[in-house]
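**Student:** Take this sequence and fold it.
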Amino acid sequence: MNPWGAITAAIIAGAIAFVGMVVTKESKISDFRQEWINDLRTKIAELISIFDVISKESDFSADEKNEAKKNVNRVIAEVRLRLNHSNPTAAERDLGEVITDINIEIMTRGGEVSKHYERLTELTHIVLKEEWTRVKKGENSYIMVKNFLSVIAVILAAMTITWFAIFIVTHSGLFKTPLF
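**Tutor:** Numbers count the residues shown, from 1 in each chain. I've put the predicted structure just below:
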């Protein structure tokens with residue numbers, strides 16, 4: 001009895017399971033990244049709302065401003081914790097700096113913050129776009145597996161075509177009679 005059929009089936013089943021595992025993992029990572037994008041968007045909007053309350057331009061009462069000042073550092077920390085600390089992009093660094101500038105402006109001078117909102121919004125859009133692009137493209141491990149499997153598929157297709165061609169030539173009777 002020839003064991004090659006069982007071995008081939010096991011290899012194919014293992015490859016399919018591996019591909020399924022990689023696709024499932026990448027899908028879950030994409031879900032987490034999408035949640036991260038939504039959370040960052042929500043926290044930036046919350047931060048802008050708090051800055052509006054605290055700013056010199058607002059008509060809120062002193063109690064409302066004091067309550068907002070209590071929350072501003074928590075929200076800033078939540079935004080910063082969502083940004084990549086170990087390897088930030090330029091947009092992430094700039095976003096952190098703009099948030100710090102606005103916070104200093106408000107806390108030390110009670111100043112006008114609306115002039116910073118356009119830059120804050122622009123940088124937030126850039127960070128979110130970079131992350132969305134990463135979600136669409138996939139993680140590096142997914143890209144590597146996809147490329148590897150593409151190469152394997154091409155090799156297997158070439159081997160199959162070669163085997164088929166050899167099979168047809170050897171069973172066609174072309175070589176039963178000498179060519180010379």
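**Student:** Only C-alpha atoms from now on, for both contacts and neighbour counts.
**Tutor:** Fine.
**Student:** Where does pLDDT dip in this structure?
**Tutor:** When residues are selected by pLDDT under 70, those of the chain lie in 1-2, 110-111, 138-139, 173-180.
**Student:** Tell me where it has helices.
**Tutor:** Using DSSP state H, the helices of the chain run over 4-54, 62-82, 90-109, 114-137, 140-171.
**Student:** In JSON lines, list these along with mean neighbour count.
**Tutor:** What follows is the helices of the chain, written out as JSON lines (neighbours: other C-alpha atoms under 10 Å):
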{"stretch": "helix 4-54", "mean neighbour count": "15"}
{"stretch": "helix 62-82", "mean neighbour count": "15"}
{"stretch": "helix 90-109", "mean neighbour count": "17"}
{"stretch": "helix 114-137", "mean neighbour count": "15"}
{"stretch": "helix 140-171", "mean neighbour count": "12"}
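**Student:** Isn't residue 127 up against residue 91?
**Tutor:** Yes - Residue 127 is within contact range of residue 91, at 5.9 Å (criterion: C-alpha atoms under 8 Å).
**Student:** shared neighbours of the two, anything?
**Tutor:** Counting by C-alpha atoms under 8 Å, 6 or more residues apart in numbering, residue 127 and residue 91 have no shared contacts at all.
**Student:** For residue 59, which non-adjacent residue is closest in space?
**Tutor:** residue 53 (7.9 Å; C-alpha to C-alpha, 6 or more residues apart in numbering).
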